[in-house]
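Q: Pasted the sequence and its predicted model underneath.
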Amino acid sequence: MSDDTPDSLIPYDEIVQEALRAVVGRVLGEVERQGGALPGDHHFYITFKTGAPGVDIRQDLRERFPDEMTIVLQNKFWDLKVDEHGFSVGLSFNQRPAQLIIPFSAITAFVDPAVDFGLQFQAAASDVEPTDHDDPENDGPEGAGPDGSAGADDGSNVVTVDFGRKK
């Protein structure tokens, strides 16, 4: 008898990833339906693969963030549009407006630090290793930015799904 788990013929990992990304879509859709107003202290850090299929960002942003980028949806964003495949949003980078189009499949993390909630996703390509990236740099209110609460060391309320094979 072997300790190796057999390969599944059902793509559970893909099904779960798709379902969790739908959570992001539903949350952003609610914000869109409320006219782009975030309730209470809610705000979102969204990390995505800049080179993923369907991502449309300014060339200078793609050059600055060739692998991954984190944006903040808090006070200074506009034209949030959500559909079943992804979302588009207007943000300002160094006082220059930009329209970003981000498919849900490109998202690698979604965090709402106001309620200590986060989701992390596997990269679309299984052979892509996560790399360090700069902090979010879209223009925000004074003093805004990661304060440590978005990535609590204890992982509370952060859902990470990894269906790697047992060794």
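A: Noted; the coordinates are in hand.
Q: tell me the phi and psi of Val16?
A: Taking degrees, to the nearest 10, you get phi -70, psi -40 for the backbone angles of Val16.
Q: ok, now how distant is it from His85?
A: Here Val16 is placed at a distance of 18 Å from His85 (Cβ to Cβ, to the nearest Å). For every residue, glycine as well, the C-beta is placed using N, CA and C.
Q: More neighbours: the two, which one.
A: Val16 (15 against 12; other Cβ atoms under 10 Å).
Q: Can you read off the pLDDT for that one?
A: Looking at Val16, its pLDDT stands at 91.
Q: Next: Glu84.
A: Glu84 is given a pLDDT of 93.
Q: Please report how far it lies from Val24.
A: Going from Glu84 to Val24 by Cβ to Cβ gives 12 Å.
Q: try Ala98
A: Counting by Cβ to Cβ, the gap from Ala98 to Val24 is 20 Å.
Q: ok so, going back, who's more crowded, Glu84 and Val24?
A: Between Glu84 and Val24, counted using other Cβ under 10 Å, the more crowded position is Val24 (21 against 8).
Q: How about the helix or strand where that one lies, which residues are buried there?
A: Val24 belongs to helix 12-33 when assigned by DSSP states H and E. Of all the residues in helix 12-33, those buried under the rule 16 or more other Cβ atoms under 10 Å are Gln17, Leu20, Arg21, Val24, Gly25, Val27, Leu28, Gly29, Val31, Glu32.
Q: Equivalent analysis for stretch 112-124, please.
A: Buried, per 16+ other Cβ under 10 Å, within stretch 112-124: Asp112, Pro113, Ala114, Phe117, Gly118, Leu119, Gln120, Phe121, Gln122, Ala124.
Q: was I right about the second one contacting Leu73?
A: If I follow you right, that is Pro113. No. Pro113 lies out of contact with Leu73 (Cβ atoms under 8 Å); the separation is 11.8 Å.
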